[in-house]
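Student: After the sequence you'll find the predicted model.
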Amino acid sequence: MRTQKKINEDIDIFRLNQRHYGPANINKVIYYIEEDNASLGFFAMYRNWLEYLYFADACGYIPVISAGNHFAYREEKKINGNSNPFEYYFMQPSSISIKTAKVSAKVISADIIHRKMVEQVLTGKTSTYKYNKKYLYLMAQIAKKYLRYNDATKKYLNDSIKSIKCGTEKVLGVHMRGTDFRVQYDNHPVYLDVNDCYKEIDKLMLNGLYNKIFLATDDTRILKSFENKYGEKLCYYKDVERGSTNKSVAFCKNNREQHKYLLGLEVIRDMYTLSKCDSLIAGVSQVPICAQINKISRGEKYEVVKIIDKGINRNSHIFIKHN
């Protein structure tokens, strides 16, 4: 004889257990998104948010996002009056706040199975770096509908774009991950050497199609190499925390005031600026994936996209955070 618990589990195979917390929003189903994974970089988490939002949108739920206490970019003190790290940078995707969600009548908590279903259906796999054109397009529609920068982030982005002085010239966006990617951790992309990137850049630059190169990188060694090769054609943000060792910048301690918040702001700016470039060259990583999503979300299209894919490391070298 089956127990009531077993019957409930059979009915709720997608883990959509609806909870009642209070009298608010009696005619709405709130979808509470909180994946509290301390090992995720900013745009790995950003893609998770998109996938949860896609699930909520398909189900007709009202999404609310909390980044959680273990989010790598969380500060101990409030930022711009917000204690929820998601709201350091973005508006809530709906008019419902975290506070209101916690006293609502019908609340479903996001479960990892929900976004993995989205990945499986749209890409054929549940993989951190897997995507295709359909995935990019659909995530772009979700980003356009739900992910809006707050006023502080919008001002920062607009002021920053003006500051690098790429002007009205045609710009080739380049993204290169260094630091911990050099370590070749298991299930992470194979490290892309600068010479691999230079070959693709030079094909476009020699044709005179682009006047400037915007470089986004977390590694000072890569930046110096690009400066030596491209000189005045290169533009980049100078006020970025970059590393000169094989440790991830995102997980290293730093005495800089509001360091974790600024790390998030800086990588958002890199992604956003790459999305504003005319073409894109990059290795496999989350930032160029999200730059493509954001470009499409504005109804724009790159002239050229070249993602240099050297495969994924398969070894016993497990990723560790550096404190």
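Tutor: Right, received. Where do you want to start?
Student: quick one: the helices in the protein?
Tutor: Using DSSP state H, the helices of the chain run over residues 4-11, 42-59, 86-89, 98-101, 112-123, 133-146, 151-163, 194-205, 220-230, 259-276, 286-297.
Student: counting contacts, what elements does the third one pack onto?
Tutor: Spelled out, it's helix 86-89. Where contact means 3 or more CB pairs under 8 Å, 6 or more residues apart in numbering; DSSP states H and E, helix 86-89 is packed against helix 259-276. Glycine gets a C-beta too; all of them are placed from N, C-alpha and C.
Student: tilt between the helix it packs on and helix 42-59?
Tutor: Angle of helix 259-276 versus helix 42-59, following axes from the mean of the first three to the mean of the last three CA atoms, to 10 degrees, is 70 degrees.
Student: how much does helix 259-276 deviate in direction from helix 151-163?
Tutor: Using the same axes, to 10 degrees: helix 259-276 against helix 151-163 is 60 degrees.
Student: The chain should start at 24 in everything you say after this.
Tutor: Done: numbering now begins at 24, and the last item shifts to helix 282-299.
Student: What residues sit buried inside helix 282-299?
Tutor: Buried positions in helix 282-299, judged by neighbour count with 16 or more other CB atoms under 10 Å: 283-299.
Student: my guess is residue 120 contacts residue 87, does it?
Tutor: Yes - using CB atoms under 8 Å, residue 120 is in contact with residue 87, at 7.4 Å.
Student: more crowded one of the two?
Tutor: Higher neighbour count among residue 120 and residue 87: residue 87, with 27 against 12, using other CB atoms under 10 Å.
Student: so who does that one touch?
Tutor: When contacts are counted by CB atoms under 8 Å, 6 or more residues apart in numbering, residue 87 touches 53-56, 115-117, 119-121, 124.
Student: re earlier: determine which of the helices of the chain approaches residue 326 most closely.
Tutor: Nearest to residue 326 among these is helix 217-228 (9.1 Å), distances taken as CB to CB.
Student: Let's see that closest one as CSV, backbone CA atoms only.
Tutor: Taking Å, rounded to 0.1, in the frame of the first residue of the first chain, the C-alpha atoms of helix 217-228 are listed here in CSV:
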residue,chain,number,x,y,z
VAL,A,217,46.5,34.6,-27.3
ASN,A,218,48.0,33.3,-30.5
ASP,A,219,44.8,31.3,-31.3
CYS,A,220,42.9,34.6,-30.8
TYR,A,221,45.3,36.8,-32.8
LYS,A,222,44.9,34.6,-35.9
GLU,A,223,41.1,35.3,-36.0
ILE,A,224,41.5,39.0,-35.0
ASP,A,225,44.1,39.6,-37.7
LYS,A,226,41.8,38.1,-40.4
LEU,A,227,39.3,40.9,-39.7
MET,A,228,41.6,43.7,-38.9
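Student: The residue positioned nearest the centre of the chain: what's its closest spatial neighbour, skipping adjacent residues?
Tutor: The residue lying closest to the centre of the chain (CA atoms, centre = their mean) is residue 66, at 1.8 Å. Distances taken as CB to CB, 6 or more residues apart in numbering place residue 309 nearest to residue 66, at 3.6 Å, with adjacent residues excluded.
Student: how much space between residue 315 and residue 328?
Tutor: Remark: distance between residue 315 and residue 328 (CB to CB, to the nearest Å) = 7 Å.
Student: shared neighbours, the two?
Tutor: The contact lists of residue 315 and residue 328 share residue 303, where a contact means CB under 8 Å, 6+ apart.
Student: In terms of pLDDT, where does the closest residue to residue 51 other than its chain neighbours sit?
Tutor: Once flanking residues are discounted, residue 51 sits nearest to residue 85: 5.2 Å by CB to CB, 6+ apart. pLDDT recorded at residue 85 is 98.
Student: What number of residues are in the vicinity of residue 85?
Tutor: Neighbours of residue 85 (other CB under 10 Å): 20.
Student: go on, residue 77?
Tutor: Counted with other CB under 10 Å, the neighbours of residue 77 add up to 26.
Student: so who does residue 334 touch?
Tutor: Residue 334 neighbours (CB under 8 Å, 6+ apart): 212-213.
Student: 6 Å - rerun?
Tutor: residue 213 (CB atoms under 6 Å, 6 or more residues apart in numbering).
Student: So it versus residue 218, what's the distance?
Tutor: To residue 218, residue 334 is 17 Å away according to CB to CB.
Student: now swap in residue 259 and tell me
Tutor: Counting by CB to CB, the separation of residue 259 from residue 218 is 19 Å.
Student: between those two, who's got more neighbours?
Tutor: The neighbour comparison of residue 259 against residue 218 (other CB under 10 Å) goes to residue 259, with 19 against 8.
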